[in-house]
Every structure is written in C-alpha cells, then in structure tokens.
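**Student:** Sequence first, then the predicted structure:
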Amino acid sequence: MNVNKALEDYIFANSSIEDDVLSELNRETHLKVLNPRMLSGHLQGRVLEFISKMLAPRYILEIGTYTAYSTICLARGLNENGILHTIDCNDELLTIQEKYIKKAGLTDKIKIHTGDALAIIPKLDIVFDLVFIDADKKQYCDYYSLIIDKTRSGGIILADNVLWDGKVIDKKFSSDEDTQAIKAFNKMVKDDIKTESVILPVRDGISIIRKL
C-alpha cells in the first residue's frame, strides 16, 4: 500500500534504526537481485522482529526466504535453543542468504531448505510456534492447509502481501490470478473457526493469524 512519503519518513525517523547488517543486505539486494521490492525492508522487518521477540519461539517456519532479510529479523526473536526453518525455490539466492545470515551471527539458528515448499513442509516433523508465509501467492491457500496443523495452539501465522497493492478491492483485477488467490486466502483465514485474525496495513498488508 502506498504511504505518504513525508509520513513514511517520520515513521522511520521515530523508529529504531536499521542495523548495519540489514542495511548492507538491503543495499546489496537492490543492487544485485531481481525484484528488490520483494525485500521485507526496515519497517516490516521491525514488525516481524517484534512479534518474534514477544513470542520467543522455539520453532519458526518461513515460506519464502528471498535474500534472508525477514529470516534474520524473525530469527532474532528465537529463544535460546530455537531454530528457524526457511524455504525458497531459488537456489541462486543461496550465496547471499548464507552470507548475511553469517554476518548476523545466526548460522547455527537457521536451517535453509531449497526447493518446493509444498514438498518440503510435509517432511518437517515439527510443531511450529511462528510461521511466516511470503512466497507464491497462488499457493497461499495450499501453504495454509499444510501448516495449520503444524502450528501449536496459541501459535501465530503471519502472511505477507494480503492487500496486494490494493488490488483486492479493485474490480479491474477481478480476473488476475494472483489477486484472486490472495482474496481466496483472506476469506479462507476469516472463515477458519480454528483461528482468529486481523490484517494490519503495514507495507503491503500483513495478516496476523492466531491458532486457537
């Protein structure tokens, strides 16, 4: 979602600053990687980190690593013995992922999986405290169906891009597959009696889903 630039600057000026590791990762992603808009970025990263720190999770699952910005933010909230499992289908990003995870001092806390999340998730015999979905929009409902029973009662599922640049309320995109997939996911979550949820208008929309 578009935010007034002056207001966005004010938000950044009055929030904790982006640390050196994340700032460097931000710059390198924009210089070297396709579609840098996919990066979580400072504001969303702080939100993810805060949620993770409040939960102090033992196990986190991230679906969609990209260049590992959100991975690092989430992993910083893990408890002392915690592990984050992150999945991405693009093996060309592995070098940058490993580089910045190491710079952040989190190598022993993060397990990277490369491949199809729909094939990998069923093989993870883990009950997760926190899940972050930020991958192929057309598969959001499939991801949700796979992870809901792998999330503990009281656990949190986060889903990114659920407002999809406002396309979810724009009739011009009524035949757009990604838009319809996001709308179907939002309805699926709202109708799920096993959870309670709220959508926050942070960046492109984050759904916070709590399993009852």
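**Tutor:** Alright, I've got the coordinates.
**Student:** List the buried residues in stretch 55-65.
**Tutor:** By neighbour count on 16 or more other C-beta atoms under 10 Å, the buried set for stretch 55-65 is L55, P57, R58, Y59, I60, L61, E62, I63, G64, T65. No exception for glycine: its C-beta is placed from N, CA and C like everyone else's.
**Student:** Would you mind giving those residues as JSON lines with pLDDT added?
**Tutor:** Compiled in JSON lines, the buried residues of stretch 55-65 are given as follows (pLDDT from 0 to 100):
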{"residue": "L55", "pLDDT": "98"}
{"residue": "P57", "pLDDT": "98"}
{"residue": "R58", "pLDDT": "98"}
{"residue": "Y59", "pLDDT": "98"}
{"residue": "I60", "pLDDT": "98"}
{"residue": "L61", "pLDDT": "99"}
{"residue": "E62", "pLDDT": "98"}
{"residue": "I63", "pLDDT": "98"}
{"residue": "G64", "pLDDT": "98"}
{"residue": "T65", "pLDDT": "98"}
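**Student:** how about these, which pair is most distant?
**Tutor:** Farthest-apart pair in those is R58 and G64; separation 21.2 Å (C-beta to C-beta).
**Student:** gap between the lengthiest strand in the chain and the chain center?
**Tutor:** Across the chain, the longest stretch assigned as strand under DSSP state E is strand 151-160. Remark: strand 151-160 is offset 12 Å from the chain centroid, using C-alpha atoms, centre = their mean, to the nearest Å.
**Student:** May I see the buried residues of it?
**Tutor:** Neighbour-count burial for strand 151-160 [16+ other C-beta under 10 Å]: T151, G155, I156, I157, L158, A159, D160.
**Student:** residue contacts, the closest residue to the fourth one other than its chain neighbours?
**Tutor:** It refers to I157. With C-beta to C-beta, 6 or more residues apart in numbering as the criterion, I157 has its nearest non-adjacent residue at 4.1 Å, and that residue is I209. Contact analysis of I209 by C-beta atoms under 8 Å, 6 or more residues apart in numbering lists I156, I157, L158, A159, V189, T195, E196, S197.
**Student:** so the first one touches V131, yeah?
**Tutor:** Right, the one you point to is I156. Yes: with contacts counted by C-beta atoms under 8 Å, I156 reaches V131, the gap being 7.4 Å.
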